[in-house]
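In: Mind looking at a prediction? Sequence and model below.
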Amino acid sequence: MRETSRAARGRAQESRRGGRRVPVQTGREVTRREGRADAAERILSAGDWAAHHRVIVTVFAVVLVAVVGLYGPARDYYVARRTGEVLQQKYDDISSQNSALTADVQRLQTKEGIEDEARKRGYVLQGETAVTVEGLSDDSQSDPSAVDAYQDDRSMTTKLLDTAFGYDPEATWNA
């Protein structure tokens with residue numbers, strides 16, 4: 001008779017075949033071996049595929065090495081180019097502010113400019129009467145010496161490349 005205890009079921013059972021004892025495999029052992037065989041078969045299958053497609057694998061490996069090797073120099077080039085663009089934009093803004101300030105200084109150096117500025121501040125000449133008008137919109141010029149904030153008007157492609165190469169244009173603008 002066979003043993004039916006839990007310990008006996010957990011062990012490999014033996015049967016008699018041809019006069020010798022052969023271990024009988026349990027379900028778990030068979031599943032593990034089949035799993036290992038499947039994994040080994042997949043590895044061999046991938047190896048066979050790579051051997052048959054050697055050119056594709058070689059080209060892929062060369063492209064991968066080239067991309068990894070050229071990322072650093074490409075990033076440096078992109079950051080330098082974008083920094084130049086952002087600094088040129090900032091230079092143009094500062095130049096326009098400088099032109100506005102220069103025009104303002106030249107206007108204030110004339111008699112009419114001095115009188116206009118004095119009237120804005122509430123002064124009047126002899127014989128004139130000061131009048132204050134309320135309720136009108138304030139159309140006065142903004143301060144041309146005020147610092148401009150970075151305006152993000154980049155295209156979607158530029159935003160994507162800035163993200164891919166880790167470039168922050170606002171940090172360059174504020175530097």
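Out: All right, it came through fine. Computed from a predicted model, the values in this text were never measured in an experiment.
In: Where is the longest helix in the chain?
Out: helix 54-108 (DSSP state H).
In: List the buried residues for the next helix or strand after that one?
Out: Toward the C-terminus, helix 54-108 is succeeded by helix 111-120 as the next helix or strand (DSSP states H and E). For helix 111-120, a neighbour-count test (16 or more other Cβ atoms under 10 Å) marks nothing as buried. To be clear about C-beta, it is placed using only N, CA and C from the backbone, and glycine gets the same treatment.
In: From the contact counts, what lies against helix 111-120?
Out: Using 3 or more Cβ pairs under 8 Å, 6 or more residues apart in numbering; DSSP states H and E, the elements in contact with helix 111-120 are helix 54-108.
In: as a whole number, average confidence for the longest helix of the chain?
Out: Taken as a whole, helix 54-108 carries a mean pLDDT of 93.
In: what's the answer for stretch 131-144, then?
Out: Rounded mean pLDDT across stretch 131-144 is 71.
In: could I have stretch 66-73 exported to CSV, CA atoms only?
Out: The C-alpha coordinates for stretch 66-73 follow below in CSV (Å, rounded to 0.1, in the frame of the first residue of the first chain):
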residue,chain,number,x,y,z
ALA,A,66,26.4,56.7,-31.0
VAL,A,67,23.4,58.2,-29.3
VAL,A,68,24.8,57.7,-25.8
GLY,A,69,28.2,59.0,-26.9
LEU,A,70,26.9,62.1,-28.7
TYR,A,71,24.3,63.1,-26.2
GLY,A,72,26.7,65.1,-24.0
PRO,A,73,28.2,67.2,-26.9
